[in-house]
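1. Kindly return the folded structure for what I paste below:
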Amino acid sequence: MSRRVFKNEEERKEANRQKQKSWRLRNPDKVKAKYLREKKSMMSKQKEVRNSIFYVYLQYNSNGDTYIGSGNKSRPTHKHRNQLWLNAFKNDCTIKILGEFTNRQDAYKEEGRVIKQIGLHNLINIKHVNK
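-> The predicted model follows:
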């Protein structure tokens with residue numbers, strides 16, 4: 001088998017693209033498997049990044065209701081909550097990030113400290129439970 005000689009770099013790249021395209025058309029199962037492996041790897045990396053920073057946050061509304069929480073990047077703006085939270089904050093919620101931490105334990109400690117400082121009786125979830 002003789003080796004093909006290309007006139008220039010662009011011609012070589014185009015031939016390579018055609019060869020790859022031809023291979024993908026002949027091997028759709030391998031292409032799909034590779035895509036799924038890459039997608040799983042990418043999702044794992046995204047989850048790792050999302051869960052590598054933890055926040056302590058304060059949520060409050062114009063009625064003076066307050067909620068202290070902790071969680072990953074998306075938790076402060078997360079709307080899938082229990083009915084008590086939805087009644088207080090669904091349409092009127094201001095969020096303030098109180099701290100950013102590299103591990104969950106430190107975030108929990110800070111959340112506990114802030115709750116102690118504000119007082120359990122001043123938190124919306126405790127107010128509703130006691131009604």
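2. that's a helix at Q18, yeah?
-> Yes. Under DSSP: H, G, I helix; E, B strand; the rest coil, Q18 falls within a helix.
3. what's L58 sitting at in phi/psi?
-> With angles defined as degrees, to the nearest 10, L58 sits at phi -120, psi 130.
4. quick one: the helices in this structure?
-> In the chain, the helices defined using DSSP state H lie at 9-26, 28-50, 83-89, 104-118, 124-130.
5. Adding mean neighbour count, mean pLDDT and distance to K96, write these out as a markdown table.
-> (C-beta placed from N, C-alpha, C; glycine too.) Compiled in a markdown table, these are given as follows (neighbours: other Cβ atoms under 10 Å; pLDDT from 0 to 100; distance: least, Cβ to Cβ, whole Å):
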| stretch | mean neighbour count | mean pLDDT | distance to K96 |
| --- | --- | --- | --- |
| helix 9-26 | 10 | 90 | 50 |
| helix 28-50 | 10 | 78 | 20 |
| helix 83-89 | 16 | 84 | 13 |
| helix 104-118 | 15 | 91 | 11 |
| helix 124-130 | 14 | 55 | 15 |
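6. any chance of the ones you listed in CSV, plus distance to N72?
-> Below are those laid out as CSV (distance: least, Cβ to Cβ, whole Å):
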stretch, distance to N72
helix 9-26, 37
helix 28-50, 5
helix 83-89, 17
helix 104-118, 9
helix 124-130, 20
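7. All set now, cheers.
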